[in-house]
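Chemist: with the sequence up front, the predicted model follows.
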Amino acid sequence: MAVLIQINNAHKSYGDQVLLDGAEASIVEGAKVGFVGRNGAGKSTLLRIMLGEEELDSGQLVAHPRLRVGYLRQHDPFLPGETTIEFLQRDSGQAEWKCGEVAGKFELKGDYLAGPVSSLSGGWQTRVKLAALLLHEPNLLLLDEPTNFLDLRTQILLEHFLRNFRGGILVVSHDRAFLKGTCDQTLDLSRGKLTLYPGKIEEFIQYQAERVEHDLKVNQSIVTKQKQLKRFIDKNRAGANTASQARSKQKQLDRLQTTEIAGMERTACIRAPRVNPRQGTVLRTADLTIGYPDHEVAENINLEIEHGQRAAIVGDNGQGKTTLLRSLVGSLDLLGGDVKWGHASDIGTYAQHVYSTLPEKKTVLEYLEYQAMPGTTTQDILALAGALLFRDSHVQKKIKVLSGGERARLCLAGLLLGDHNILVLDEPGNHLDVETVEALARAFFDYKGTILFTSHDRHFMSRVATNIIEVRDGNARNYMGNYDAYLYSINQEIAEGERVHQSAARRQPEPPDVPAERQTQKMNRKQQKEIKRLEQKITALEADKKSLNQQLLDTTDASEALKLHARFTEISQELQQNEERWLKLTEN
């Protein structure tokens with residue numbers, strides 16, 4: 001297999017922060033690689049270097065001449081008012097029928113295809129970006145946290161796409177279930193070094209734990225030997241008869257060095273609030289209606305949650321998971337019905353509307369000290385802060401200078417240091433790496449209180465959830481089964497949809513770029529002339545579209561962009577009419 005990207009002795013630093021320190025790795029053709037490492041290790045920086053957006057300080061990154069990179073963009077590349085099919089044609093330069101065929105692989109049909117992209121949820125917009133990627137026919141895909149904010153159904157569709165993709169992929173993700181389902185190799189970035197492990201993420205984590213245990217034992221033996229040698233040297237260095245032996249032992253001591261253990265920084269110290277277990281019903285809703293003054297999201301919601309349960313709220317994006325959570329804690333007014341919490345309920349909330357209102361004048365440490373239970377030691381506070389990436393001087397940062405991700409982690413740390421007996425959490429695993437998410441799952445598993453939460457991380461959901469509440473089709477109900485059963489049902493729905501799509505595709509006529517000879521033979525001379533004229537016209541229109549697309553990308557003048565976009569739309573419509581006529585003439 002050809003080596004698509006070769007990294008040789010790569011160095012990259014920002015000030016005193018070393019990201020790459022002699023790093024080396026190879027990405028070969030067709031390899032499906034999960035890229036892991038602690039937050040801030042430099043994974044996204046390395047992706048930008050591969051894309052040519054940044055440069056190494058020293059070393060080499062050698063790309064194969066046949067390398068065609070596809071990058072799943074995090075920003076929105078759509079024009080105002082642009083429909084999905086218009087974006088796909090503009091972005092790829094492909095014919096409308098081809099764009100529609102690829103879009104169908106991601107269930108982009110009907111209004112999803114013909115309507116404006118801006119009206120779609122984040123998950124559906126990600127499907128549009130994936131279709132655009134495929135139309136460019138790359139042989140290596142680079143994906144940076146592709147599952148962030150994707151609902152379960154879209155995650156599974158993305159998994160199916162990546163498993164069936166014939167080229168290579170390099171995926172940065174903290175979602176263990178997603179990495180397990182898509183990647184058969186694991187690339188780790190730790191302390192500036194790259195290590196490519198020939199196995200899945202679970203095997204790599206096990207290997208890493210075994211390696212750490214082995215290195216700890218070796219270090220312990222070395223430390224014991226060092227102590228023995230030092231005692232001998234101290235005892236015999238002054239003696240006339242033993243001084244030479246002492247010098248020989250000193251040389252042995254100088255050669256003994258302990259091993260720096262690469263995985264030790266991965267141990268996250270996270271504990272859940274210490275509360276007393278309780279029994280009975282903690283939450284009951286009666287004929288609940290949720291939503292906004294101008295838009296009802298769900299109605300007739302009747303739920304009961306018991307003390308000690310860890311209830312996962314699931315459903316596609318846009319169905320109302322976050323709306324339900326906000327309604328339950330009172331940050332969103334009810335449209336109807338009742339919400340009743342049990343006696344002595346102490347609710348801690350983790351959601352965007354909470355961590356965006358933190359006290360900006362406090363430092364990280366001051367905020368955590370204020371949130372912590374009485375008697376919590378500074379050492380415990382600093383340990384939890386460090387686990388959530390607030391280390392050393394970072395604990396003295398003012399909240400007003402923190403990024404959105406840092407504020408989210410700080411809010412989570414504050415909850416974990418408190419004594420709430422109910423936690424309501426909206427995506428608690430976002431902004432955290434694989435190891436920290438696992439440590440958070442262990443902490444929640446040991447928690448004696450009640451948890452209501454949403455998450456897009458399947459491994460986290462499966463580890464934590466004791467029961468499932470599904471928000472779907474304007475209602476919310478207790479799902480009769482665990483998370484694995486729910487996951488199985490969604491997989492079955494998607495598999496059935498793919499079978500229907502494949503069956504329909506088999507019934508469609510052959511693509512217009514390879515018309516069957518038997519069709520051509522049946523056409524009369526007049527039809528053949530019209531087909532030839534249409535083909536010439538389509539070729540010319542596609543060239544015009546491609547030229548306009550490039551002009552749109554190059555222009556910085558807003559009024560000029562509007563004119564170009566209007567002309568682009570006009571040509572697109574004319575091209576569509578000609579292609580439809582061509583298809584009709586070439587059918588049996």
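Modeler: Looks like it came in fine. Fair warning: this is a prediction, and the values are worked out from it, not measured in the lab.
Chemist: so which bits of the longest helix along the chain are buried?
Modeler: Looking across the chain with DSSP state H, the single longest helix is helix 201-236. Of the residues in helix 201-236, 201, 204, 205, 208, 212, 215, 229, 232, 233, 236 count as buried by neighbour count, 16 or more other Cβ atoms under 10 Å. Where C-beta positions appear, they are placed from N, C-alpha and C, glycine not excepted.
Chemist: ok, and the closest non-adjacent residue to residue 290?
Modeler: residue 327 (4.3 Å; Cβ to Cβ, 6 or more residues apart in numbering).
Chemist: the one you found reaches residue 288, doesn't it?
Modeler: Yes - using Cβ atoms under 8 Å, residue 327 is in contact with residue 288, at 7.2 Å.
Chemist: which neighbours do these two have in common?
Modeler: 334, 339 (Cβ atoms under 8 Å, 6 or more residues apart in numbering).
Chemist: quick one: the helices in the stretch 101-250 of the chain, in order.
Modeler: Listed in chain order, the helices of the stretch 101-250 of the chain (DSSP state H, counting those that start in this stretch) span 111-114, 122-135, 152-164, 176-182, 201-236, 243-255.
Chemist: return the distance of the fourth one from the chain's centre.
Modeler: The gap between where helix 176-182 is centred and where its chain is centred comes out at 11 Å by Cα atoms, centre = their mean, to the nearest Å.
Chemist: put the alpha carbons of that helix into CSV.
Modeler: Taking Å, rounded to 0.1, in the frame of the first residue of the first chain, the C-alpha atoms of helix 176-182 are listed here in CSV:
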residue,chain,number,x,y,z
ARG,A,176,-15.0,5.5,22.0
ALA,A,177,-18.0,3.8,20.5
PHE,A,178,-17.6,5.8,17.3
LEU,A,179,-13.9,5.0,17.1
LYS,A,180,-14.5,1.4,17.7
GLY,A,181,-17.1,1.2,14.9
THR,A,182,-15.0,3.0,12.3
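Chemist: contacts for that helix, please.
Modeler: 32, 34, 36, 146-147, 155, 158-159, 162-163, 169, 171, 173, 186, 200-202, 434, 437-438, 457-459, 462.
Chemist: filter those residues to the buried ones?
Modeler: If we count by 16+ other Cβ under 10 Å, the contacts of helix 176-182 have these buried: 32, 34, 36, 146-147, 155, 158-159, 162, 169, 171, 173, 186, 200-201, 434, 437-438, 457-459, 462.
Chemist: how about residue 342, what does it touch?
Modeler: 278, 280, 281, 282, 283, 307.
Chemist: tell me which of those residues fall in strands.
Modeler: Judged by DSSP state E, strands contain the following of those: 281, 282, 283.
Chemist: which of those count as buried?
Modeler: Applying 16+ other Cβ under 10 Å to the ones in strands among the contacts of residue 342 flags 282, 283 as buried.
Chemist: could you list the low-pLDDT ranges of the stretch 201-350 of the chain?
Modeler: 259-268 (pLDDT under 70).
Chemist: closest to residue 483 among the buried residues of helix 201-236?
Modeler: Residue 483 lies nearest to residue 201 out of the buried residues of helix 201-236, by Cβ to Cβ, at 19.1 Å.
Chemist: contact partners for that closest one?
Modeler: 34, 36, 176, 179, 180, 183, 186, 434.
Chemist: check residue 354 too.
Modeler: Counting by Cβ under 8 Å, 6+ apart, residue 354 has contacts 331, 411.
Chemist: quick one: secondary structure of it?
Modeler: helix (DSSP: H, G, I helix; E, B strand; the rest coil).
Chemist: the one 4 residues further on too?
Modeler: Each residue gets one of three states, and residue 358 gets coil by three-state DSSP.
Chemist: could you report the neighbour count for it?
Modeler: 17 (other Cβ atoms under 10 Å).
Chemist: and if you look at residue 319?
Modeler: Residue 319: 22 neighbours (other Cβ under 10 Å).
Chemist: and for residue 124?
Modeler: If we define neighbours as other Cβ under 10 Å, then residue 124 has 21 of them.
Chemist: over to residue 408?
Modeler: Residue 408 has 25 nearby residues by other Cβ under 10 Å.
Chemist: ditto for residue 113
Modeler: 19.
Chemist: nearest spatial neighbour of residue 376, chain-adjacent residues omitted?
Modeler: residue 417 (6.1 Å).
Chemist: check contacts around that neighbour.
Modeler: 273, 368, 371, 372, 373, 376, 380, 381, 384.
Chemist: verify the stated contact: the last one with residue 269.
Modeler: Okay, so that is residue 384. Yes - under the criterion of Cβ under 8 Å, residue 384 makes contact with residue 269 at 6.4 Å.
Chemist: between these two, point out the one with more neighbours.
Modeler: residue 384 (23 against 14).
Chemist: backbone dihedrals for that one, please?
Modeler: Main-chain torsions, residue 384, degrees, to the nearest 10: phi -70, psi -40.
Chemist: what's near enough to touch it?
Modeler: So residue 384 contacts 269, 270, 271, 368, 413, 416, 417 (Cβ under 8 Å, 6+ apart).
Chemist: which residue packs closest to the fifth one, ignoring adjacent ones?
Modeler: Setting aside the residues directly before and after it, residue 413 is nearest to residue 388 in space (Cβ to Cβ, 6+ apart), at 4.9 Å.
Chemist: and that neighbour, how many residues sit next to it?
Modeler: For residue 388, using other Cβ under 10 Å, the count is 26.
Chemist: next, format the buried residues of helix 201-236 as TSV and append distance to residue 82.
Modeler: TSV is the format used below for these (distance: Cβ to Cβ, whole Å):
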residue	distance to residue 82
201	37
204	41
205	43
208	45
212	51
215	54
229	73
232	79
233	77
236	83
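Chemist: from residue 277, how far out is residue 144?
Modeler: Distance of residue 144 to residue 277, computed by Cβ to Cβ, to the nearest Å: 41 Å.
Chemist: before we move on, back to that, nearest to residue 393, of the buried residues of helix 201-236?
Modeler: Nearest to residue 393 among the buried residues of helix 201-236, with distances taken as Cβ to Cβ, is residue 212, at 27.4 Å.
Chemist: do you know how far the closest one is from residue 373?
Modeler: Counting by Cβ to Cβ - residue 212 and residue 373 are separated by 32 Å.
Chemist: same deal with residue 541?
Modeler: 69 Å.
Chemist: residue 102 now?
Modeler: 55 Å.
Chemist: the two - which one has more neighbours?
Modeler: In this view residue 102 and residue 373 are compared by other Cβ under 10 Å, and residue 102 has more residues nearby, 18 against 12.
Chemist: would you confirm that the more buried one contacts residue 137?
Modeler: No - with contact defined as Cβ under 8 Å, residue 102 does not reach residue 137; the gap is 10.2 Å.
Chemist: I'd guessed residue 336 sits against residue 287; true?
Modeler: Yes - under the criterion of Cβ under 8 Å, residue 336 makes contact with residue 287 at 6.7 Å.
Chemist: helices and strands of this protein: which one bottoms out on pLDDT?
Modeler: helix 517-522 (a mean of 44; mean pLDDT, DSSP states H and E).
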